[in-house]
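1. Pasting the sequence and the predicted coordinates here, then a few questions.
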Amino acid sequence: MILSPAPPPPPALHSSTRHHSRRNTGISFRSPNLLLRRTTVSAVARDVDAFTESSGYLFELSTSEAESLTEYNISKIASIYRKKPLIVFRRLLQIGNTLGKWLALRYLDNISERSDMMFEVRASQLREILVKLGPAYIKIAQAISSRPDLIPPSYLNELSLLQDRISPFSTEIAFNTIEKELGLSLDQLFSEISPEPVAAASLGQVYQARLQDTGQIVAIKVQRPGVQAAISLDILILRALAGLIRKAGKFNTDLQAVVDEWASSLFREMDYVNEAKNGARFSRELYGSLKDVVVPDFYIAKTTRKVITMQWIEGQKLSEVKDLYLVEIGVYCSFNQLLEYGFYHADPHPGNLLRTYDGKLAYLDFGMMGEFKQELRDGFIEACVHLINRDYDSLARDFVTLGLLPATADKDAVTKALTGVFQNAVSKGVRNISFGDLLGNLGTTMYKFKFQIPSYFSLVIRSLAVLEGIAINNDPNYKVLGGTYPWIARKVLTDSSPQLRSSLQSLLYEDGVFRIDRLESLLSESLRARTERALVKVEESDSNEAIKQIMSFTLTEKGAFVREILLQEFAKGLDALGLATLESLTSAATANLPFAPSPPSSLTDEDMINLRNLHRLLQLLSGSPNIEDTDTGVEAFSQNTKKRTNSEEVSLILNEFTSVQDVVPLLNVIPELPPDLQQQLIRLPVDLVGKFVSRVAARTIRRALS
């Protein structure tokens with residue numbers, strides 16, 4: 001029996017795994033019995049596939065050994081391989097031989113001045129070597145291959161092949177594994193199944209099938225034989241090498257702990273039951289309801305540690321379709337996973353992000369997921385905000401919170417060093433900050449001040465670096481931090497975390513002075529964030545929409561903290577306005593009197609700051625252009641405002657109140673607000689009057705007692 005489903009042209013069938021399937025116009029399904037009869041001879045001829053054979057892993061762990069390694073445990077791995085010294089020696093010899101030859105050839109190319117001529121050849125050889133070295137090295141290469149800004153094109157093209165083009169292993173072995181793991185014959189499980197794998201990679205390969213009981217077309221991923229033995233041995237060797245490198249290079253980072261964190265994620269990835277649970281949680285709790293994101297359904301009853309059954313999804317690699325819109329959705333999703341929920345996809349390489357034929361983003365393969373604790377998420381957000389605002393002193397403290405710096409580090413010296421490292425990267429503005437550039441510039445400073453990379457941070461950095469690499473592939477000028485800062489700004493403005501509330505308070509008040517420029521910057525950036533429901537970008541020229549979003553935010557429960565700050569600053573500004581108005585009237589009245597001395601100004605520096613802040617707040621609510629670049633904007637604003645007299649300040653502010661043209665956008669927005677927000681708006685004048693009266697009373701009492 002042959003079934004040939006016809007996917008929409010141009011077809012590029014993908015299973016719901018990390019790997020890119022072969023490109024076909026269709027795929028043949030055959031009944032299990034017919035398939036087995038036809039494949040037995042060819043399968044026996046290649047019981048060991050080229051990948052496994054060249055990797056040198058022609059052995060399996062015993063049942064007891066395999067069961068002892070259901071989770072990563074380096075002591076158990078070491079105890080197993082103490083009993084297999086010949087295998088360890090053979091592996092060390094293979095690594096030294098394959099890498100040594102390649103490095104020697106590269107050295108000869110350099111001294112013979114033919115590096116450029118041999119570049120593509122050496123890139124191809126490196127890919128072949130990584131295949132020989134096995135799955136652990138291929139996993140490393142997959143992350144590197146997503147950085148077109150860091151890797152030469154020839155190497156990038158070759159290493160990207162490791163994402164999905166690995167030799168498949170025997171179909172007979174795969175089918176025997178399915179039957180053994182699920183406890184049923186193929187006839188009982190499937191009515192049809194593809195005669196050959198449609199995708200193969202370092203940890204497993206995929207078949208397309210139709211379920212016998214429901215008729216649903218599914219993807220069946222089967223784990224490679226011997227992969228657990230392969231990875232456990234390589235981790236043992238890499239961990240020992242990391243210890244030697246740390247001692248020789250006198251690194252502060254516990255490199256073995258970094259290897260342990262990565263190894264733990266690899267072991268979790270080899271457990272397909274864990275992957276199915278991760279995928280279900282990802283869909284149920286996070287993004288199953290987001291219309292532009294697709295997560296495959298998982299069949300838990302037909303899933304074991306070595307076999308996973310999931311919904312079949314068709315489409316193309318996101319990196320191949322040049323769809324910047326979906327890339328931005330991916331950036332939003334990834335940062336929201338990281339900063340909102342702390343449960344994130346730690347392996348978003350191009351083979352794991354798919355553009356479906358109906359234009360949606362499909363997340364695939366949930367084996368490698370990371371957890372980001374709340375206090376670390378808050379610390380990361382604070383660090384981003386302090387970086388954007390050039391607050392390097394606070395950034396140094398953030399690095400201590402994140403575990404990147406020891407608490408005993410010289411904070412002043414670190415602040416000075418960070419200023420030198422980051423000022424050029426940040427000077428071009430928020431939207432031009434490159435995550436890769438920031439990491440690249442930190443190297444010398446990290447070594448000098450004994451920076452350490454916490455084990456948890458390795459997956460976070462890897463995830464963000466890979467994500468920026470995918471985005472750059474679509475748009476060479478794309479900056480992932482600039483693209484995600486709107487979400488960070490929104491998070492800072494709306495989060496109820498005491499740590500972030502305190503951070504926002506400290507950010508907006510410097511030495512007790514309200515920094516309205518920073519509030520404007522946060523609000524301006526948060527308006528660039530795409531909404532969850534439609535992901536529609538607000539155009540900068542649409543001032544009415546901007547006013548509506550600002551009002552909607554400040555009137556909701558999430559905006560309560562910012563609303564209180566705004567009301568307090570409005571009260572301060574109105575108080576200063578009253579004093580300035582009274583002073584202007586007094587000056588005007590006495591100006592015509594002969595020989596009348598000019599009365600001394602009663603306005604303090606604080607009153608003038610409050611007066612100017614009121615002017616800026618009114619501009620903000622009227623949709624006037626605001627200052628987005630914090631430092632440049634403040635300097636320009638200060639130079640202009642210091643030249644004004646008190647009467648000029650009062651005239652400008654009163655004009656904001658009396659200019660019908662400026663008030664119209666605000667009045668037009670009010671009817672568009674939901675009824676509950678309109679009710680909240682009606683209550684604001686009462687709250688404002690209360691704060692204003694309290695401030696006037698306090699000022700009157702203070703001056704009376706002074």
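-> Right, received. Where do you want to start?
2. where does the stretch 451-600 of the chain have low pLDDT?
-> Filtered on pLDDT under 70, the stretch 451-600 of the chain yields the residue ranges 455, 458, 529-544, 591-600.
3. Which stretches in it count as helices?
-> 455-474, 480-494, 498-508, 516-526, 543-555, 560-591 (DSSP state H, counting those that start in this stretch).
4. so what does the first one touch, helix or strand wise?
-> This means helix 455-474. helix 135-144, helix 255-269, helix 318-321, helix 324-336, strand 343-345, strand 369-371, helix 435-441, helix 480-494 (3 or more Cβ pairs under 8 Å, 6 or more residues apart in numbering; DSSP states H and E). In this view, the C-beta of every residue, glycine as well, is placed from N, C-alpha and C.
5. same deal with the second one?
-> Where contact means 3+ Cβ pairs under 8 Å, 6+ apart, helix 480-494 is packed against helix 324-336, helix 374-388, helix 435-441, helix 455-474, helix 498-508, helix 516-526.
6. Quick check: which element contains residue 252?
-> Assigned by DSSP states H and E, residue 252 belongs to no helix or strand.
7. For the helices and strands packed on helix 455-474, give me CSV that also has distance to residue 186 and mean neighbour count.
-> Output for those, formatted as CSV (distance: least, Cβ to Cβ, whole Å; neighbours: other Cβ atoms under 10 Å):
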stretch, distance to residue 186, mean neighbour count
helix 135-144, 26, 22
helix 255-269, 26, 21
helix 318-321, 33, 19
helix 324-336, 36, 21
strand 343-345, 32, 23
strand 369-371, 31, 19
helix 435-441, 47, 16
helix 480-494, 44, 22
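8. any idea which of the ones you listed scores lowest on pLDDT?
-> Lowest mean pLDDT within the helices and strands packed on helix 455-474: helix 435-441, a mean of 62.
9. before we move on, back to that, Serialize the helices and strands packed on helix 455-474 to JSON lines and add fields for distance to residue 66.
-> Converted to JSON lines, the helices and strands packed on helix 455-474 look like this (distance: least, Cβ to Cβ, whole Å):
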{"stretch": "helix 135-144", "distance to residue 66": "16"}
{"stretch": "helix 255-269", "distance to residue 66": "12"}
{"stretch": "helix 318-321", "distance to residue 66": "35"}
{"stretch": "helix 324-336", "distance to residue 66": "33"}
{"stretch": "strand 343-345", "distance to residue 66": "27"}
{"stretch": "strand 369-371", "distance to residue 66": "23"}
{"stretch": "helix 435-441", "distance to residue 66": "38"}
{"stretch": "helix 480-494", "distance to residue 66": "39"}
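10. So for residue 98, which of those sits nearest?
-> helix 135-144 (9.9 Å; Cβ to Cβ).
11. That closest one versus helix 455-474: what angle between them?
-> Angle, helix 135-144 to helix 455-474, by axes from the mean of the first three to the mean of the last three Cα atoms, to 10 degrees: 50 degrees.
12. Helix 135-144 vs helix 255-269, what angle?
-> 100 degrees.
13. which helices and strands sit right next to helix 135-144?
-> Using 3+ Cβ pairs under 8 Å, 6+ apart, helix 135-144 is in contact with helix 119-133, helix 153-160, helix 227-249, helix 455-474.
14. make it 7 Å
-> Counting contacts by 3 or more Cβ pairs under 7 Å, 6 or more residues apart in numbering; DSSP states H and E, helix 135-144 packs against helix 119-133, helix 227-249.
15. quick one: least confident helix or strand in this protein?
-> strand 2-3 (a mean of 34; mean pLDDT, DSSP states H and E).
16. thinking again about what came up before, CSV please, covering the helices and strands packed on helix 480-494 and showing distance to residue 83.
-> As requested, the helices and strands packed on helix 480-494 are exported to CSV (distance: least, Cβ to Cβ, whole Å):
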stretch, distance to residue 83
helix 324-336, 43
helix 374-388, 39
helix 435-441, 41
helix 455-474, 28
helix 498-508, 49
helix 516-526, 58
